[in-house]
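Visitor: Quick one: sequence and predicted model below, then my questions.
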Amino acid sequence: MTASVVTPGGAGQGTGTAPAPGRSRRGAGRGRAPRSLARTESLAGWAFVAPASVIIGLFGAAPIVWSLVMSFQRNNLLSPSTPFVGAGNYRTMLHDPAVTQAIGHTLVYTALFVPGTMVVGLFLAVAMNRSLRFMWFYRTAAYATMAISTISEALVFIWLFDPSYGIVNYFSSLVGIPQQQFLNSPSEALYVIAAMTIWGWSGFAVVIYLAALQGIPQDLIEAAAVDGAGRWGTFRRVTLPLLSPASLFLAVWLTINALQLFDEVYLSTQGGPLGATTVLVYYLYEQAFQNFNFGYASAIAYLLFLVILVVTAIQFRVSRRFTYYRS
């Protein structure tokens, strides 16, 4: 309901209509409501995020900063005295033959594990990328390796490769191959661990490659067949280039995991025999939790971080020439 008001100035000015007082107040209330609602939603969002942020801060960010500080100290976490040594831990690390040996073992393992897992995963994914009876069962079985705990995986492989009663030595003897020591041999133990982890991670590679294969347009495969390309030619010139983004993801992800190898070594060989499987993270563990040299262990951790950063940057740089993305 409105009230008519005669404006000053006479008849030439005419009359005007002014809104009732109540309408103005209601309009102002409606203007404040969205701001209040947005503020409430923002507070609710922060309330949901706060627990995760606190956990990440306490158990993620704080240890990272603390380990960086400890890398410049002589610190055993037992004595209140933590003298500052500057870059002394880093200089010691550069002249430590055990660090050099551990880096060598880590690189050898990475060179075996990453391409091995990718090749096995690609082979199984191509084999499963078809319509057959019980294919759901085969795909589930392939991924089941990722569902098995590392402890169970290590126990199975310790039994399989046992020098005395292992099934691998038994079948090898049937074809005339002499008995091997496997995990007890300095020249064989690292290769057994690589085989163990390839088996454990192949299911992950199968899932990634299978998803990428099913995303390839069939019209490209059909066009290659029309042009006279055989199965191998189609796979090499059409399928593999279109799988390059998945291959890059797997290469980076598996490399990061390989450089941080620890569980399988700890459970199967504990760095032996004769240090043949002492990789960088296991050596870090020995320094921190057996020798209580936390300052030196922190320096090794940051060396590993730098190695992972450099290797990943190189992978992304090199992949620009070989990775193809469909628009």
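Guide: Now that the structure is in, tell me what you want to look at.
Visitor: Next, the contact list for the nearest residue to Ala87 once chain neighbours are set aside, please.
Guide: Setting aside the residues directly before and after it, Ala87 is nearest to Phe72 in space (CB to CB, 6 or more residues apart in numbering), at 7.3 Å. To be clear about C-beta, it is placed using only N, CA and C from the backbone, and glycine gets the same treatment. Contact partners of Phe72, counting by CB atoms under 8 Å, 6 or more residues apart in numbering, are Phe84, Val85, Gly86, Ala87, Asn89, Gly295.
Visitor: host element of the residue nearest to Ser71 when sequence neighbours are not counted?
Guide: Distances taken as CB to CB, 6+ apart place Ser298 nearest to Ser71, at 3.9 Å, with adjacent residues excluded. Using DSSP states H and E, Ser298 sits in helix 294-319.
Visitor: what does Tyr191 give?
Guide: Here Tyr191 is assigned to helix 189-214, by DSSP H and E.
Visitor: hmm, which of the contacts of Phe72 are the buried ones?
Guide: Val85, Asn89, Gly295 (16 or more other CB atoms under 10 Å).
Visitor: Could you measure from the first one over to Arg74?
Guide: Note on Val85: its distance to Arg74, by CB to CB, to the nearest Å, is 5 Å.
Visitor: joint contacts of the two?
Guide: Contacts common to Val85 and Arg74, judged by CB under 8 Å, 6+ apart, are Gly295.
Visitor: coming back round to it: pull out the buried positions in the helix holding Tyr191.
Guide: 189-210, 212-213.
Visitor: I'd like to know the predicted local confidence at Ala229, please.
Guide: pLDDT recorded at Ala229 is 86.
Visitor: can you confirm it is in a helix?
Guide: No - counting by DSSP: H, G, I helix; E, B strand; the rest coil, Ala229 falls outside a helix, being coil.
Visitor: Which residue is the nearest non-sequential neighbour of it?
Guide: In space, Ala229 is closest to Arg237, 6.8 Å off (CB to CB, 6+ apart).
Visitor: okay, now that neighbour: neighbour count?
Guide: Residues lying near Arg237 (other CB atoms under 10 Å) number 11.
Visitor: Thought Ala223 was touching it, still the case?
Guide: No - applying CB atoms under 8 Å, one finds Arg237 not in contact with Ala223, separated by 11.4 Å.
Visitor: what about the strands in this structure?
Guide: 3-6, 15-18 (DSSP state E).
Visitor: Out of these, which gets the lowest mean score?
Guide: Mean pLDDT per stretch puts strand 3-6 lowest among the strands of the chain, at a mean of 44.
Visitor: Nearest the geometric middle of the chain, what residue?
Guide: Trp253 (4.7 Å; CA atoms, centre = their mean).
Visitor: Spit out the contact partners of that one.
Guide: No contacts exist for Trp253 under CB under 8 Å, 6+ apart.
Visitor: if I look at it, how far off is Thr312?
Guide: 10 Å.
Visitor: Backbone torsions only: list them for Phe262.
Guide: Main-chain dihedrals, Phe262, degrees, to the nearest 10: phi -150, psi -50.
Visitor: do Leu78 as well
Guide: Main-chain torsions, Leu78, degrees, to the nearest 10: phi -110, psi -40.
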